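In: got a predicted structure here, sequence first:
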Amino acid sequence: MKNHTIFFNPWDTIHESNPQEILDRHEKITLVPFLIMAGSLDDNVPPEIQERFVRSYKAAGGSIQFQIFEGAEHEWVANPGPLTDRAQERVKAFIARQWKA
């Protein structure tokens, strides 16, 4: 958090780079293909926030893929296991599709 307050000084400048707010302001941006994976138990960035961003990105004309991982918390991919394996495979497939495009 300290780095946030150092970088965004004055604090209100944080809104200039907030992706959701950029979309809400209808700023002209490059809409690259996007992949978002969220844990259903994420209490840092709840799925509802991610879902709102997905809707906004699509409304702006962007291509976005979104998947919620049931039973996963915020940093589930930091721990080995089946959910992390699924997430890694999803990322690999997403990247491979971008290379072919």
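Out: Yep, that arrived.
In: CA atoms for contacts and neighbours, from now on please.
Out: Will do.
In: and the helices in the chain, which stretches?
Out: Assigned by DSSP state H, the chain shows helices spanning 2-7, 19-24, 47-59, 82-100.
In: pretty sure residue 63 is touching residue 53, no?
Out: No. The pair residue 63 and residue 53 does not pass the contact test of CA atoms under 8 Å, sitting 12.0 Å apart.
In: more neighbours: which of the two?
Out: residue 53 (19 against 14; other CA atoms under 10 Å).
In: what sits against the more buried one?
Out: residue 20 (CA atoms under 8 Å, 6 or more residues apart in numbering).
In: could you export the helices of the chain to TSV, including columns for distance to residue 38?
Out: Below are these laid out as TSV (distance: least, CA to CA, whole Å):
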stretch	distance to residue 38
helix 2-7	22
helix 19-24	16
helix 47-59	6
helix 82-100	10
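In: how about the CA coordinates for stretch 30-41, as CSV?
Out: What follows is stretch 30-41, C-alpha atoms only, in CSV (Å, rounded to 0.1, in the frame of the first residue of the first chain):
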residue,chain,number,x,y,z
THR,A,30,-6.4,0.1,-27.5
LEU,A,31,-8.5,-2.9,-26.7
VAL,A,32,-6.2,-5.9,-26.8
PRO,A,33,-7.5,-9.4,-26.3
PHE,A,34,-7.9,-10.0,-22.5
LEU,A,35,-8.1,-12.9,-20.2
ILE,A,36,-9.3,-12.6,-16.6
MET,A,37,-9.4,-15.4,-14.2
ALA,A,38,-10.9,-14.8,-10.8
GLY,A,39,-11.4,-16.9,-7.6
SER,A,40,-15.0,-17.2,-6.4
LEU,A,41,-13.8,-16.6,-2.9
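In: pull the residues that contact it.
Out: By CA under 8 Å, 6+ apart, stretch 30-41 touches 46-47, 50, 57, 61-74, 76, 87, 91, 94, 98.
In: which of the residues you listed count as buried?
Out: In the contacts of stretch 30-41, burial by neighbour count holds for 47, 50, 57, 62, 64, 67-69, 72-74, 76, 87, counting by 16 or more other CA atoms under 10 Å.
In: worst average pLDDT in the helices of the chain?
Out: The weakest mean pLDDT among the helices of the chain belongs to helix 2-7, with a mean of 79.
In: fine, thanks again, bye for now.
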